[in-house]
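**Student:** predicted structure and sequence below. I'll ask about it afterward.
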Amino acid sequence: MRFSKTFIPTLRETPSEAEAVSHKLLLRAGYIRQLASGLYMFLPLGLRVMDKIHTIIREEMNRIGAQEILLPVLHPAEIWQKTGRWYEIGDEMFRLKDRTGRDMCLGMTHEEIMTWLASREIRSYRDLPQVWYQIQTKLRDEARPKSGIMRTREFIMKDSYSFDRDEEGLEQNYKLHIEAYNRIFTRCGLKFYQVESDPGMMGGATAHEFMAPSPAGEDDVALCDSCGYAANVELAISISPEVKFEDWPFEEVHTPGKKTVQEVSEFLGVGPEKFIKSLLYIGENGPVLVLLRGDQDLQEKKLERIVGQVRPAHKEEVQEVLGVEAGFIGPHGHKIRIIADEALKEGVYISGANKVDYHVKGLRPGEHFNPEWADLHIAKEGDRCANCGSTLRIERVIEIGNIFKLGTKYSEPLGATYLDDKGKERPIIMGSYGIGPARVAAAAVEQSHDDDGIIWPVSIAPFKVIILPLNMKHEKTLSVAEEIYRSLTDRGVDVLIDDRDERAGVKFKDADLIGIPLQVVVGEKGLKSGSVELKDRKTKERENIPLEQAVERITEKLKSLEAQLEV
RNA sequence: CGGGGCGUAGCGCAGUCUGGUUAGCGCACCUGCCUUGGGAGCAGGGGGUCGGUGGUUCGAAUCCACUCGCCCCGACCA
């Protein structure tokens, strides 16, 4: 394509609303524009990138036998009411009424509709398995859209759903999706991890996320480089560093005005790992006292998995429930439910004395208090791997894909059943699998850019090659550039030719900014010696190639770049 | 939803505290000349109801009230 005839509105300066690197660069390079909070338009370059990603996704989904279909975005409320999600989901669902007053909603995901389709069409075990997918718009009224196209209110999603007779079939499709996802993200040039994740409200037992490491992400994962353990910190298990305890006798110590673990730790000159941190939470079934080692923090998600939704107690509630001021709570002598992190099973600790301005020393679990034990602490850098004992690493990531084993969570309420070979009616066993193509694009930019702009992996670049005729008034420059453009186009290469009547500097800057992997510079300097210059956007390496070999060499170089992303 | 910040030309900003000619600057844009290997130069030019509404005042971008929008942190994230 011709630059002069393509809408590529590059910006010299970054619009002030952008914070994330991918947001800044995609705006500056003319890929996207914002319509309103969480609503983005994809301009020609942006759309080309999205199309490339979609194509890779389609190829790999088709390869595992998934079939593409397309469902509506507008859904009757009734189906969502049957699974209960109409009521469970709050403001995040866009709701509306049609002209007859019927309740409708905009699809945030499509489990309900896919399952509804399956419930009507699948009757026999002979119809199974099925894997259906779509690449389609989702709408979620996000509380806080952020980071450009990373978290938006309207976005395209590849969502697939597997329908099987039994758990074995589901396991099979789950594995196939893992293979497909690995191929997709590898082909898209991303660095990524597959981690264990919290199935959350999707239901079901097993779930994994595909995470692209980037400081711009919204999640943290715990990784063990030696055994490969990888999990979202929401559920990652870790062993806190071991502590050598002292054999303190049980005694009260005066700690005037010292409330937090840190304050008391400094005041007494004892490390925080020898403290018990007591936190009062209010749950659906009343208050819960949560105990952690002083050097640990609570992972609320873990607590919620045990007791349901919770919130920290207010100061007044602490006084009311425990009869002591917050800051001096101890684990002993309370009648409410107490749950402690397993790290506290052994040791001799200091904790609040349940008495203002006092702490107790020599507190022994099992002797002075008897809690329920659970894994409650948040895994942090330097903790040991629960699997193999090596040191864990915590990394910030962008969620680019997720996979869930759903079981019968949707098939049962929607009556999606089949008759097995004995004529018995059984619920279909389901799985659901998502990929956010816009996040794939954003993650690619986050992971691959420099001060000058984007550096696209060749597989998802809007064009693979950009030709830069430096002086449009120079006859030879023009004819050579056009000739290379034509030859490459004839060979089916995606080429952009910067045929604008701009100065060389402008063309260089824009080419770097929009991030096309290969630049072909056609200038008078090179032409004097009968050559053009081939520049690799990523390595910045330049090579002069004789005119007659130009097209050959460019395609060769392109092939070698492409080969790096092959799976 | 809680906390913070910001709305002045397409983009980046100054002016607002301390009200007072015709609201400025850089880039971009248009015309001409010139230039052509890293966002050139010169000359001329177009573009603003200062987010909106109401108020105070002789006078409001500037002060007050309400309101809308955008961004960041947190909560939430099926």
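**Tutor:** Thanks, I have it.

**Student:** please go through chain A and pick out the longest strand.
**Tutor:** Of all the segments of type strand in chain A, defined by DSSP state E, the longest one is strand A:392-407.

**Student:** so what's whichever residue of the stretch 251-400 of chain A sits closest to RNA strand B closest to, chain neighbours aside?
**Tutor:** Scanning the stretch 251-400 of chain A for the residue nearest RNA strand B gives residue A:300, at 6.1 Å (criterion: C-beta to the nearest atom of the strand). Where you see a C-beta, it was placed from the backbone N, CA and C, and this is true even at glycine. Spatially, and ignoring its direct neighbours in sequence, residue A:300 is nearest to residue A:310 (6.7 Å; C-beta to C-beta, 6 or more residues apart in numbering).

**Student:** quick one: the one you found from residue A:287, how far?
**Tutor:** Going from residue A:310 to residue A:287 by C-beta to C-beta, to the nearest Å gives 9 Å.

**Student:** between those two, which contacts overlap?
**Tutor:** Both residue A:310 and residue A:287 are contacted by residue A:281, under the criterion C-beta atoms under 8 Å, 6 or more residues apart in numbering.

**Student:** sorry, back to before: wait, doesn't the residue of the stretch 251-400 of chain A closest to RNA strand B sit right on residue A:307?
**Tutor:** No. Residue A:300 is not in contact with residue A:307 according to C-beta atoms under 8 Å; the separation is 10.6 Å.

**Student:** thinking again about what came up before, next, the contact list for the residue nearest to residue A:300, please.
**Tutor:** Counting by C-beta under 8 Å, 6+ apart, residue A:310 makes contact with A:281, A:282, A:283, A:284, A:288, A:300, A:303, A:304.

**Student:** sketch out the low-pLDDT regions of chain A for me.
**Tutor:** Across chain A, the ranges flagged by pLDDT under 70 are A:200-204.

**Student:** which residue packs closest to residue A:149, ignoring adjacent ones?
**Tutor:** Closest residue to residue A:149 apart from its sequence neighbours, by C-beta to C-beta, 6+ apart: residue A:438 at 4.4 Å.

**Student:** my bad, residue A:294
**Tutor:** With C-beta to C-beta, 6+ apart as the measure, residue A:275 is the residue that lies nearest to residue A:294, at 3.0 Å, once sequence neighbours are left out.

**Student:** then residue A:396?
**Tutor:** Leaving out its chain neighbours, the residue that sits closest to residue A:396 by C-beta to C-beta, 6+ apart is residue A:217, at 4.7 Å.

**Student:** enumerate the residues of the stretch 401-550 of chain A near RNA strand B.
**Tutor:** For the stretch 401-550 of chain A, the residues in contact with RNA strand B (C-beta under 7 Å from any atom of the strand) are A:452, A:470-474, A:501, A:503-506, A:508-510, A:512-513, A:521-527, A:533, A:535, A:542.

**Student:** can you say which of the residues you listed are buried?
**Tutor:** For those, a burial check counting by 16 or more other C-beta atoms under 10 Å picks out A:470, A:472, A:474, A:508-510, A:512-513, A:521-523, A:526-527, A:533, A:535.

**Student:** just checking, which of those residues belong to helices?
**Tutor:** Taking DSSP state H, the ones among these that sit in helices are A:508, A:509, A:510, A:512, A:513, A:526, A:527.

**Student:** which among those gets closest to residue A:335?
**Tutor:** Looking at these and their distance to residue A:335, the nearest is residue A:513, at 65.4 Å (C-beta to C-beta).

**Student:** that closest one against residue A:27, yeah?
**Tutor:** No. With contacts counted by C-beta under 8 Å, residue A:513 stays clear of residue A:27, the gap being 10.8 Å.

**Student:** re earlier: and the residue nearest to residue A:149, what does it touch?
**Tutor:** By C-beta under 8 Å, 6+ apart, residue A:438 lies in contact with A:40, A:50, A:149, A:150, A:152, A:155, A:156.

**Student:** which parts of the stretch 251-400 of chain A sit against RNA strand B?
**Tutor:** Selection of the stretch 251-400 of chain A residues close to RNA strand B by C-beta under 7 Å from any atom of the strand yields residue A:300.

**Student:** for the stretch 251-400 of chain A, what spans make up the strands?
**Tutor:** For the stretch 251-400 of chain A, the strands defined by DSSP state E, counting those that start in this stretch cover A:251-254, A:276-283, A:286-293, A:310-312, A:337-341, A:349-355, A:358-363, A:372-374, A:384-385, A:392-407.

**Student:** so what does the helix or strand following the longest one touch, helix or strand wise?
**Tutor:** The reference is to strand A:392-407. The helix or strand immediately downstream of strand A:392-407 is strand A:417-419, counting by DSSP states H and E. On a contact count with 3 or more C-beta pairs under 8 Å, 6 or more residues apart in numbering; DSSP states H and E, strand A:417-419 meets strand A:425-427.
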